[in-house]
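Peer 1: Quick one, fold the following:
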Amino acid sequence: MPKITVDHSKCDGEGVCADVCPMNVYDIVGKKSQPNRADDCIGCMACVNSCPTQAITVEP
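Peer 2: Numbering: from 1, shown residues only. You can find the predicted model right below:
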């Protein structure tokens, strides 16, 4: 399962990652992205590719 990291100092909380994730991994909590269902991640990288602030990394 991929390891998801969100750099909260970069995250603007717009929720693009939550909108594009096909597995609904992300929730926006306190204006920051939280990968609350990281176990469901399929490693498609949609969140990484769409994050406007490059706050998300996904490692295999």
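
Peer 1: And the residue lying closest to Ala18 once chain neighbours are set aside, what's its pLDDT?
Peer 2: Counting by Cβ to Cβ, 6 or more residues apart in numbering, Tyr26 is the residue found nearest to Ala18 once chain neighbours are left out, at 4.1 Å. The C-beta positions use only the backbone N, C-alpha and C, and glycine is treated the same way. On pLDDT, Tyr26 comes in at 98.

Peer 1: ok, now Asn49?
Peer 2: 98.

Peer 1: That one belongs to a helix?
Peer 2: Yes - assigned with DSSP: H, G, I helix; E, B strand; the rest coil, Asn49 falls within a helix.

Peer 1: distance of it from Gly30?
Peer 2: 24 Å (Cβ to Cβ, to the nearest Å).

Peer 1: Please say which of these two ends up with more neighbours.
Peer 2: Neighbours were counted for Asn49 and for Gly30 using other Cβ atoms under 10 Å; Asn49 has more, 13 against 7.

Peer 1: hey, where'd the helices end up in this protein?
Peer 2: 16-20, 46-50 (DSSP state H).
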